[in-house]
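Participant: Structure for the following, please:
(one chain, ligands or ions: 1)
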Amino acid sequence: MKFEWLKDKKLVGLGPMDGVTDSPMRQLARHHGADFTSTEMISADGLVRKSKTIFKRLNFKKRERPIVAQIFGKDPQIMGEAAKMLEHDFKFDAIDVNAACPAKTVITSGHGGALLKNPGLLCSILDVVRHNTTLPVSLKTRCGYKDSSEIIKLAPKLEKTGINAIIVHGRTVLQKFQNSADKTIFNRLKSEISVPLIATGDIMNQNDIADLFAHHKVDGVLVARGALGNPWIFEGLDIIKNNPKLFLEKNQSKNLIQKIGVQEFKETVIKHLDLSIDYYGNEELACTLFRKHLLWYLGRIPGSKLLKVKASIVKSRKQVEKILQFVNC
Ligand SMILES: Cc1cc2nc3c(=O)[nH]c(=O)nc-3n(C[C@H](O)[C@H](O)[C@H](O)COP(=O)(O)O)c2cc1C
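Facilitator: Below you'll find the predicted structure:
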């Protein structure tokens, strides 16, 4: 089915995370109920140059759909070419333009969050991308470069380019990940735009998702760090979408293992690892790449300090299984 950003649809998906949201993680997120998934950010320049590494990163399985491809770049024509390729050669379901990334290398070269300092260029990029694809186009940005209310003034101009949704992180680019995300921005922004508004920033558990739907005027939510070692964050979302206030009233805070059970925890970790071995086609490479995920999973359970030391050097599926034998609280 065709993917669309729709108002009031309350879509909750896996957000883009560089070096993290690879195919195995996306498959697992969809399996546990995410409404959509996102790629890691992809360089439009590299894509148009047909970089082998980037082509590899763009592989995805049917079960990851709907899947949003995120691109970054600063040349409107190249961004337009990249959008065409993502639609016709790679068959993605939607395209997201990154004007959010605060990483030093990205900013100093004028990409990602730096585009907020050049709204004219950002609008040209969105305009060209919009005209080069029939897919839904979204913009992922921060609430400002320096000041958290910049987006209120800017959003109506951005919307005029014909984009289909705006995804906003309630921190400025200069803040990077410091302080807490400003969620008060959403209600103010909502009255300035007519496209769906998707929220991101400090959404660490299901209560945070429910709180956004209950108290902030957002049409969807992008989960990022809250999904690290926690695909269960996407489970049972219908209850949250239908009655977020009731969910908040009834929810009892339990630790993760108490909530899902030790068996489910272990099976999911192994499933994630097996998806990685299948995707990367080499057990040792997959285990090395999986270490960070294993650390995130173990970080979700109490008393895992010693297990994490072992997890940081795993090289085989057997070693992962051995570590999981000690998880039983
Ligand atoms: C490790 C990591 C990598 C990220 N990579 C990207 C990226 O490639 N593109 C992007 O737009 N945002 C990226 N983000 C930002 C997230 O998508 C999200 O907007 C941000 O983390 C705020 O949400 P959270 O506080 O709920 O994690 C990344 C975040 C993290 C933690």
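
Participant: could I get the strand or helix carrying residue 45 in CSV with only the CA atoms?
Facilitator: Using DSSP states H and E, residue 45 maps to helix 44-48. Extracted in CSV, the C-alpha atoms of helix 44-48 (Å, rounded to 0.1, in the frame of the first residue of the first chain):
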residue,chain,number,x,y,z
ALA,A,44,23.1,12.5,-1.8
ASP,A,45,26.5,13.2,-3.3
GLY,A,46,27.7,9.7,-2.6
LEU,A,47,24.4,8.2,-4.0
VAL,A,48,24.6,10.1,-7.2
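
Participant: ok, it near the ligand or not?
Facilitator: No: contact between helix 44-48 and the ligand is absent, the nearest approach being 13.1 Å (criterion: Cβ under 6 Å from any ligand atom). C-beta here means a position set from N, CA and C on the backbone, and glycine is covered the same way.

Participant: Averaged pLDDT, that helix. What do you get?
Facilitator: Regarding helix 44-48, the rounded mean pLDDT is 98.

Participant: Repeat that for stretch 139-152.
Facilitator: 97.

Participant: How about stretch 102-110?
Facilitator: pLDDT averaged over stretch 102-110 gives 97.

Participant: Now whichever residue of the stretch 51-200 of the chain sits closest to the ligand. Nearest residue, chain neighbours left out?
Facilitator: With Cβ to the nearest ligand atom, the shortest gap between the stretch 51-200 of the chain and the ligand falls at residue 200, namely 3.9 Å. The shortest distance from residue 200 to any non-neighbouring residue, by Cβ to Cβ, 6 or more residues apart in numbering, is to residue 222 (4.0 Å).

Participant: Same question for residue 119.
Facilitator: Using Cβ to Cβ, 6+ apart, the closest residue to residue 119 is residue 154 (5.7 Å).

Participant: Can you give me the end-to-end span of stretch 299-311?
Facilitator: Using Cα to Cα, to the nearest Å, one end of stretch 299-311 lies 11 Å from the other.

Participant: from the chain's centre, how far out does that stretch sit?
Facilitator: Chain-centre distance of stretch 299-311: 25 Å, with Cα atoms, centre = their mean, to the nearest Å.

Participant: start at 138 instead
Facilitator: Done: numbering now begins at 138, and the last item shifts to stretch 436-448.

Participant: Residues touching it, excluding its own?
Facilitator: 366-367, 392-394, 402, 428, 431-432, 435, 456-457, 460, 463-464, 466 (Cβ atoms under 8 Å, 6 or more residues apart in numbering).

Participant: Could you do stretch 222-235 as well?
Facilitator: Applying Cβ under 8 Å, 6+ apart, the set of residues contacting stretch 222-235 is 139-140, 142, 153, 173, 175-176, 178, 184-185, 195, 202-209, 216, 220, 248-249, 262-263, 266, 270-277, 300-301, 304.

Participant: Buried subset of these, written for PyMOL?
Facilitator: Applied in PyMOL, the following selects the buried portion of the contacts of stretch 222-235 according to 16 or more other Cβ atoms under 10 Å:
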select buried, resi 140+142+153+173+175+176+178+184+185+195+202+203+204+205+206+207+208+209+216+220+248+249+262+263+266+270+272+273+274+275+276+277+300+301+304
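
Participant: out of the contacts of stretch 222-235, which are inside strands?
Facilitator: Applying DSSP state E to those, the entries found in strands are 175-176, 178, 204-209, 274-277, 304.

Participant: Tell me the predicted confidence for residue 388.
Facilitator: Taking residue 388 on its own, its pLDDT is 71.

Participant: these two touch, right, it and residue 342?
Facilitator: No: look at residue 388 against residue 342 with Cβ atoms under 8 Å: they stay out of range, at 9.2 Å.

Participant: Which single one of the contacts of stretch 436-448 is nearest to residue 148?
Facilitator: Using Cβ to Cβ, residue 367 comes nearest to residue 148 of the contacts of stretch 436-448, at 18.7 Å.

Participant: sorry, back to before: now, which of the ones in strands among the contacts of stretch 222-235 lie close to the ligand?
Facilitator: Answer for the ones in strands among the contacts of stretch 222-235 near the ligand (Cβ under 6 Å from any ligand atom): 178, 207, 277.

Participant: Next, the residues that contact the lowest-mean-pLDDT helix or strand in the chain from outside, please.
Facilitator: Of all helical and strand segments in the chain, the minimum by mean pLDDT, DSSP states H and E falls on helix 393-397, at a mean of 83. The contact list for helix 393-397, computed with Cβ under 8 Å, 6+ apart, reads 367, 369, 402, 437-438, 464, 466.

Participant: With pLDDT, distance to the ligand and neighbour count as new columns, can those residues be given to me in a markdown table?
Facilitator: What follows is the contacts of helix 393-397, written out as a markdown table (pLDDT from 0 to 100; distance: Cβ to the nearest ligand atom, whole Å; neighbours: other Cβ atoms under 10 Å):
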| residue | pLDDT | distance to the ligand | neighbour count |
| --- | --- | --- | --- |
| 367 | 97 | 11 | 22 |
| 369 | 97 | 16 | 19 |
| 402 | 97 | 22 | 22 |
| 437 | 94 | 15 | 16 |
| 438 | 92 | 20 | 18 |
| 464 | 94 | 24 | 17 |
| 466 | 62 | 26 | 11 |
